[in-house]
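A.B. asks: Need a 3D model of the following:
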Amino acid sequence: MRLFAFFLVLLVLLPSLAAAQFTVSSTVPVNGATGVALNTTVSITFSSAADTTKPFFPGGSFLTNANNASDFRWSVDKKTFSFDAALDSNKIYFVVIFTAFPAAGGTLTTAYGFQFTTSAAFPGNLYSVSGTLSSGTTGVSPANAIVGLSSNGLGGNQGPDLIAGSVTDAGGNFVIPYVPAGNWSLVAAKDVNGDGDIQPSTGDVLGIGTTVNVTNANITGLNIVFQSFPPMTFLAAKDSASAYAALNLPADFILRGAEGQSIDSLGHAAEWSFYFNTPENPTPKRLRVEPFQTSVDSNAADWMNIGTARLLNHLSSAALSDTFFANIERQGGRAFRLANPKPDSLEFWASAKIGDLRSSEYGWMIPDTSKNYWGATYAFQRTVTKDSTYQYRTKYFLGDFNTGALIAMTSVDEPVKNMVPVSISLDQNYPNPFNPTTVISGQWSVTSVVRLAVYDILGREVAVVANGRYPAGKYSFTFNASTLSSGIYFYRLTAGSFTAVKKMSLIK
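C.D. replies: Sure, this is the predicted structure:
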């Protein structure tokens, strides 16, 4: 979840209060510039070369309200990042650098931001809001934290809509400038681990304050306290979802499936989603449960045809994720999780789904399509943009719905009982996302009848990339998707009696 990347919207930051090894040394336009041209190049120059193999993109590493931005690029010396922007007249713009990584190692320890306007001057009818942020029981220093005023609190699925904000000093004191009159929620956040993604389940902290009523004067003396929000168990999320549904959902809602994202080795997730619809409206909606809020997303993606999945009416009899993941960890999951193929650049990520998984990425593993199951994915990946990742290695697990016992898994490790010993491997396609061509590589240990096919999100075969008898070895196939629409696709490699499946994204 990248919910709190939105905490930086309309951020106006104070000057850096402490020296740092890797800092923003200059920007174009400069902070406070007026009369900026409507078509301009925005650039950020760092004090030393950046590690450009790590993600630096709008929405995660930096934020800007210059929506018509394009042509993101690094200079040859890797010190300056630039993009072109088409700006509106008489508007205030901001750029906020939230995280960046130097080539020499480390990270950007102090956030930095600047603002400029295409008007001849900044407006004068705005106010300031000031106060103090404290650690509370978290033990996290309030220094260099994000503090802002939101028009919608924490903002549900879309995140808080900040109208102004700032960064605390070494003592947790803050001043938020350029605040218009209105009622605003005071919120705060800190990226404790410095990875550029404010995620409470990984130890990052939030502060949720009271409503601030700004009328015609500056506001002073406010207080806000950090809170921690560890990942949730499936049981706790299920109970929260049931309580929320009883009060807020239509009486005829139909639960179709559930999933957990950013799950740890204990089966606890950063967020759980419960998908439902009604007889009158088959379009699925998502009831999203997080440790700090529960909300409904009416524009939920229909993952794997969930809108027509079987009714999930026996959720109370489902095994707990704790049990399912304990079985995964004992039978190959832990070994996979600890074997990072590129430990300096890849992150481990896990997710799970429960219910009718026939049309999901686990569909080909299911022995009885009339039953519901637990499914889990372990993956090593690198973030490409805020909306996409490149997965280097993926492993799927299928478990019994009621007991959580492991039924099957794809593996390069010790196979589970009743699984065919691994004789092939399938790599993640590259590039991914792609447009319109990508390379799919795989290998098998004996001469085999091999078939490589591509399927759409509804499970329909849309292309056959390879089909024939191939000697043992490693092969690479180029897939051209020029005739297909943007979306999620699956490619399935079958060699003899063994099959492997992976997911890819086509973005045009």
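A.B. asks: Surely Phe397 is in contact with Tyr378?
C.D. replies: Yes. Between Phe397 and Tyr378 there is a contact under CB atoms under 8 Å: 7.3 Å. To be clear about C-beta, it is placed using only N, CA and C from the backbone, and glycine gets the same treatment.
A.B. asks: Looking at these two, which one has more neighbours?
C.D. replies: Phe397 (28 against 25; other CB atoms under 10 Å).
A.B. asks: Give me the pLDDT for that one.
C.D. replies: pLDDT for Phe397: 93.
A.B. asks: need the contact list for it.
C.D. replies: 328, 333, 375-378, 406, 408-409 (CB atoms under 8 Å, 6 or more residues apart in numbering).
A.B. asks: Also Ala269?
C.D. replies: Counted by CB under 8 Å, 6+ apart, Ala269 has contacts 201, 231-232, 234, 237, 260-263, 321, 352.
A.B. asks: closest to Thr478 among these?
C.D. replies: Nearest to Thr478 among the contacts of Ala269 is Gln261, at 31.9 Å by CB to CB.
A.B. asks: isn't the closest one right up against Ser273?
C.D. replies: Yes. Assessed by CB under 8 Å, Gln261 is found in contact with Ser273 at 7.4 Å.
A.B. asks: where does Phe325 fall, helix, sheet strand or coil?
C.D. replies: helix (DSSP: H, G, I helix; E, B strand; the rest coil).
A.B. asks: burial of it, as a residue count?
C.D. replies: That count, for Phe325 with other CB under 10 Å as the rule, works out to 28.
A.B. asks: More neighbours: Gln261 and Ser273, which one.
C.D. replies: Ser273 (22 against 17).
A.B. asks: doesn't that one fall inside a strand?
C.D. replies: Yes. Counting by three-state DSSP, Ser273 is found in a strand.
A.B. asks: Pull the contacting residues for it.
C.D. replies: So Ser273 contacts 258-261, 286-289, 300 (CB under 8 Å, 6+ apart).
A.B. asks: taking those residues one by one, which sit in strands?
C.D. replies: Judged by DSSP state E, strands contain the following of those: 258-261, 286-289.
A.B. asks: Once you drop chain neighbours, what's closest to Pro123?
C.D. replies: Distances taken as CB to CB, 6 or more residues apart in numbering place Ile92 nearest to Pro123, at 7.9 Å, with adjacent residues excluded.
A.B. asks: One more: Gly473?
C.D. replies: That would be Gln443: by CB to CB, 6+ apart, it lies 6.4 Å from Gly473.
A.B. asks: residue contacts, the one you found?
C.D. replies: Counting by CB under 8 Å, 6+ apart, Gln443 has contacts 424-425, 473-475.
A.B. asks: Would you reformat those residues as a markdown table and include neighbour count?
C.D. replies: Below are the contacts of Gln443 laid out as a markdown table (neighbours: other CB atoms under 10 Å):
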| residue | neighbour count |
| --- | --- |
| Ile424 | 21 |
| Ser425 | 19 |
| Gly473 | 10 |
| Lys474 | 10 |
| Tyr475 | 15 |
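A.B. asks: Let me know the next secondary structure element after the helix or strand bottoming out on mean pLDDT in the chain.
C.D. replies: Within the chain, no helix or strand scores below strand 62-64, which has a mean of 73 by mean pLDDT, DSSP states H and E. Going down the chain from strand 62-64, the next helix or strand is strand 69-74, by DSSP states H and E.
A.B. asks: what pairs with that next one, and is each one parallel or antiparallel?
C.D. replies: strand 80-86 (antiparallel) (DSSP bridges).
A.B. asks: Please could you give me each C-alpha atom of the strand it pairs with, formatted as PDB?
C.D. replies: C-alpha atoms of strand 80-86 as PDB (Å, rounded to 0.1, in the frame of the first residue of the first chain):
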ATOM      1  CA  THR A  80      20.200  15.900 -11.600                       C
ATOM      2  CA  PHE A  81      16.700  14.500 -12.200                       C
ATOM      3  CA  SER A  82      14.400  16.500 -14.600                       C
ATOM      4  CA  PHE A  83      11.000  16.400 -16.200                       C
ATOM      5  CA  ASP A  84       9.000  18.600 -18.500                       C
ATOM      6  CA  ALA A  85       5.800  20.100 -17.200                       C
ATOM      7  CA  ALA A  86       2.900  21.900 -18.900                       C
END
